[in-house]
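Student: give me a model of this one.
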Amino acid sequence: MSAPTMSVIFEVTSLCRLRGAGQILALASASLDLDGVELELPGLQVRRRPDGRLECRSPHFRDTTGIWRTAITLPPELEDAIGREVVAAALE
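Tutor: Residues are numbered from 1 along each chain as shown. Reported below is the predicted structural model:
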């Protein structure tokens, strides 16, 4: 039996480059259409890794104990695809 599938469409809707903000080089938002259900994903972080490459991290929040937590967990293939688009937008 195969797993159910759904149509996912996304696009980077905004990108704001940051100057002097430490490791975070830009903040981005993306819109997602999950089989007709639309979501906005704000707070995507473009960061420079220690090896010099750029990466996109999911939004984070500080919980009541002060620990930073991931705000949303996406399937790895979707997270990777969104991350590639956000980094490409940051490089433009």
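Student: all helices of this protein, in order?
Tutor: 76-91 (DSSP state H).
Student: quick one: low-confidence parts of it?
Tutor: Along the chain, the parts satisfying pLDDT under 70 run over 1-3, 21.
Student: what residues are up against the residue nearest to residue 79 when sequence neighbours are not counted?
Tutor: Nearest non-adjacent residue to residue 79, counting by C-beta to C-beta, 6 or more residues apart in numbering: residue 58, 6.8 Å away. For the C-beta atoms, the positions are set from N, CA and C on the backbone; glycine is no exception. Counting by C-beta atoms under 8 Å, 6 or more residues apart in numbering, residue 58 touches 44-45, 70-74, 79.
Student: state the distance from residue 58 to residue 32.
Tutor: 12 Å (C-beta to C-beta, to the nearest Å).
Student: likewise for residue 19?
Tutor: Applying C-beta to C-beta to residue 19 and residue 32 gives a distance of 28 Å.
Student: again, but for residue 69
Tutor: From residue 69 across to residue 32, the span is 20 Å (C-beta to C-beta).
Student: for stretch 84-92, which outside residues touch it?
Tutor: 10-12, 15, 17, 25-26, 28, 30, 44, 46, 54-56.
Student: next one: stretch 66-81
Tutor: Residues from elsewhere that reach stretch 66-81 (C-beta under 8 Å, 6+ apart): 8, 10, 41, 43, 58-63, 82.
Student: filter the residues you listed down to the buried ones and hand me the PyMOL line.
Tutor: Filtering the contacts of stretch 66-81 down to the buried ones (16 or more other C-beta atoms under 10 Å) takes a single PyMOL command:
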select buried, resi 10+41+58+59+82
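Student: just give the number of residues close to residue 20.
Tutor: Neighbour count of residue 20, defined by other C-beta atoms under 10 Å: 4.
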